[in-house]
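[1] My questions concern the predicted model and sequence given below.
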Amino acid sequence: MAFMIPVNYFIVSGGAGGIGSAVSKLLPSLGIVPIVCFNSNAKDAKQLAKETGGFAVQLDMMSEQSISRGISMIENTLEDHDLLLGLILGASPPPDLLPFSKLTQKHFLDQFQVNVTGPHFLLSSLLNKFFRKNKTGQVIGILSNAIGSDSKLPATGMGAYVVAKSSMQSLLAVCSAEYPWLDVTSISPGFTKTKMLEVFDERYIQLIAEKNPISDPEDIAKIIVHKIKTQN
């Protein structure tokens, strides 16, 4: 019987987006095949998967049914000798630019479904079906520097987004505490040249750029890929 060389895969949620697509393009340089996950942008996801040697999977983070179908497709596509190395949580809706008192329950629920409850269901399923078997795996969450820090206040005017990203940070921390063998990390980029910038006023973005350079998706992708390279 011929020896089968295992293929190393990495799931990229939001894989057809700005940062996600940049990461997917870099993964092959590490000998890793991207699983390009998308919600509605099927055309770009499939084209990107073709270019990188991977495959595209629809993964609507607001739907457990969609996530379950996506995981089933991944299970059916990977061979027994293949390895799923990890997951990048990159899917995120743009922030709702509203003052605190104008935010509604729906604003919070929409952000939480994509940034917290969807990732929890996805990660729990992957733990049970893939990572727990060999007690190995890597999870990288894409947060935002808008959530602030001990020395910096959170951004204003986008409260639901900030709260949801902060909750993702806590979600990852809890996961790491309960599964110490799982390598869980995150990155908190600032303003990045993606479609998400389209929700902001152009003049506001110009003012931001005058104070701090706006990152290219490729710059963020290199940081993420470096984390993967260091681990593997």
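    On my side now, so go ahead.
[2] Return the distance of residue 46 relative to residue 211.
    39 Å (CB to CB, to the nearest Å). The C-beta positions use only the backbone N, C-alpha and C, and glycine is treated the same way.
[3] What helices and strands are in contact with the helix or strand where residue 177 lies?
    Residue 177 is part of helix 159-178, with elements assigned from DSSP states H and E. For helix 159-178, the packing partners by 3 or more CB pairs under 8 Å, 6 or more residues apart in numbering; DSSP states H and E come out as helix 105-112, helix 118-126, strand 138-142, strand 183-187.
[4] How is residue 92 assigned, secondary-structure-wise?
    coil (DSSP: H, G, I helix; E, B strand; the rest coil).
[5] so where is the chain shaky, pLDDT-wise?
    1-3, 230-232 (pLDDT under 70).
[6] Is it correct that residue 33 is in contact with residue 53?
    Yes. With contact defined as CB atoms under 8 Å, residue 33 reaches residue 53; the gap is 5.6 Å.
[7] Could you report the neighbour count for the closest residue to residue 84 other than its chain neighbours?
    Once flanking residues are discounted, residue 84 sits nearest to residue 130: 4.6 Å by CB to CB, 6 or more residues apart in numbering. Residues near residue 130, counting by other CB atoms under 10 Å, number 22.
[8] right, and residue 130 touches residue 82 too?
    No. Applying CB under 8 Å as the test, residue 130 and residue 82 come out as separate, 10.1 Å apart.
[9] Show me where this protein has its helices.
    Taking DSSP state H as the criterion, the chain carries its helices at 18-26, 42-52, 64-77, 105-112, 118-126, 132-134, 159-178, 202-211, 217-231.
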